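J.: Could you look at this predicted model? Sequence included:
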Amino acid sequence: MKIIAAVVQLKPQGSVAGNLQHAESLLRKAAEAGAQLAVLPENFAYYGQSDFLTAGRAESDDMGLARQFVAQQAKKYGLWLVGGTIPVAESKPRSFARCYVYNPKAEVVGYYDKIHLFDADLASQEGNSAYRESDDFSAGEQVKTVRTELGVLGLTVCYDLRFAELFQMLSNSGAEIVTVPSAFTAVTGEAHWQVLLRARAIENQLFVLGANMVDRCHETRGLWGGSAIIDPWGNVLASLDEQPGIAVAEIDLDLIGQCRSKIPMAQHRRLI
């Protein structure tokens, strides 16, 4: 089975309205390129905002601005759309960073709450940049896959990329394509982003789709970009550098079986 997939790379526009307009322009390009599946970056709508609890409360039902946007875009362009992350407040004192998956009928077919929160101090490398996602978000607890007519999607977000055990669990649950909406920093992204995307694909013999935010020249909060589509052998099928845009590639799910028959890692595993 072959499908066309696109990863969307956005540059923050300074407002929710600007971010959504930018996202729509690139989703339109993805659809024009024949994409059936598209992935938006982490925090694609609210990047640059500071009050994620208020935003999360506004997004707590399907009438939230960002949730309506993703649903409308999926239907308008006939896409299976992995909607980056949207802050959603429920019973916790902080919002979840939630990744919704919509089908081309604008229906939610699944969602994932980001499990690993990025609490890191990069001051020695990146100005005075300390990141404390746990100040604004609650951690998710459930590993999620979503079965679609295009294949089984495994859902992750950004910092999750560093935790190989999550990808192994997704693979064990039947994931064929793992999506990684992200806002990877410029410093960590330059060193680790594509290396980790390729490693997770090779280790689990599946496709990995990384959709990243980009703004490498920001004074304190640089974003790496480098969005890419990786196949089960670790080949980079399509990628972007430091400009906003889309990367589009054909995904042949038969490659998964071919790689696994050549190197049957699942049969050889001893420790997990």
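T.: Cool, got the structure.
J.: I'd say Leu223 and Thr185 touch.
T.: Yes: using CB atoms under 8 Å as the test, Leu223 is close enough to Thr185 to be in contact (6.7 Å). For every residue, glycine as well, the C-beta is placed using N, CA and C.
J.: what are the ranges of the helices in the protein?
T.: 16-32, 52-58, 65-77, 164-172, 186-188, 194-204, 254-262, 265-268 (DSSP state H).
J.: Quick one: residues in contact with the second one.
T.: What it means is helix 52-58. Here helix 52-58 makes contact (CB atoms under 8 Å, 6 or more residues apart in numbering) with 46, 49, 64-65, 87-89, 94-96, 136-137.
J.: Please narrow these to those residing in strands.
T.: Counted as lying in strands by DSSP state E, out of the contacts of helix 52-58, are 87-88, 95-96, 137.
J.: just those residues now: which is nearest Ala130?
T.: Phe137 (15.4 Å; CB to CB).
J.: Surely that closest one touches Ala97?
T.: Yes: with contacts counted by CB under 8 Å, Phe137 reaches Ala97, the gap being 5.1 Å.
J.: So between these two, which is more surrounded?
T.: Remark: of Phe137 and Ala97, Ala97 carries more neighbours, 30 against 25, as counted by other CB atoms under 10 Å.
J.: That one and Leu155 touch, don't they?
T.: No: under the criterion of CB under 8 Å, Ala97 makes no contact with Leu155, lying 11.6 Å away.
J.: Could you find which two of the ones in strands among the contacts of helix 52-58 are furthest from each other?
T.: Val88 and Phe137 (9.9 Å).
J.: so what sits against both of the two?
T.: 95-96.
J.: What part of the chain, helix or strand, is modelled with the least confidence?
T.: Least confident helix or strand of the chain, by mean pLDDT, DSSP states H and E, is strand 130-132 with a mean of 90.
J.: helices or strands up against that strand?
T.: Here strand 130-132 touches strand 119-121, going by 3 or more CB pairs under 8 Å, 6 or more residues apart in numbering; DSSP states H and E.
J.: Spatially central residue for this structure, please.
T.: Pro181 (1.4 Å; CA atoms, centre = their mean).
J.: Dig out what it forms beta bridges with.
T.: For Pro181, the beta-bridge partners under DSSP bridges are Ala211.
J.: got the contact list for it?
T.: Counting by CB under 8 Å, 6+ apart, Pro181 makes contact with 39-42, 44, 82-85, 99, 157-158, 211.
J.: Go through those residues and say which is closest to Ile115.
T.: Closest to Ile115, out of all of these and judged by CB to CB, is Val157, at 8.1 Å.
J.: mind checking pLDDT for the closest one?
T.: Note for Val157: predicted pLDDT of 98.
J.: wait, it sits on Val180?
T.: Yes: counting by CB under 8 Å, Val180 is a contact partner of Val157 at 7.1 Å.
J.: Correct me if wrong: Gly210 contacts His192.
T.: No: here Gly210 lies out of contact with His192, judged by CB under 8 Å, at a distance of 11.5 Å.
J.: For the two, indicate the residue with more neighbours.
T.: Applying other CB under 10 Å to Gly210 and His192 shows that Gly210 carries more neighbours, namely 32 against 16.
J.: how about the closest residue to the more buried one other than its chain neighbours, what does it touch?
T.: Nearest residue to Gly210, sequence neighbours excluded (CB to CB, 6 or more residues apart in numbering): Val180, at 4.4 Å. Residues counted as contacts of Val180 (CB under 8 Å, 6+ apart) are 39, 156-158, 160-161, 197, 208-211.
J.: For Gly154, grab the count of nearby residues.
T.: Neighbours of Gly154 (other CB under 10 Å): 28.
J.: gap between it and Lys144?
T.: 8 Å (CB to CB, to the nearest Å).
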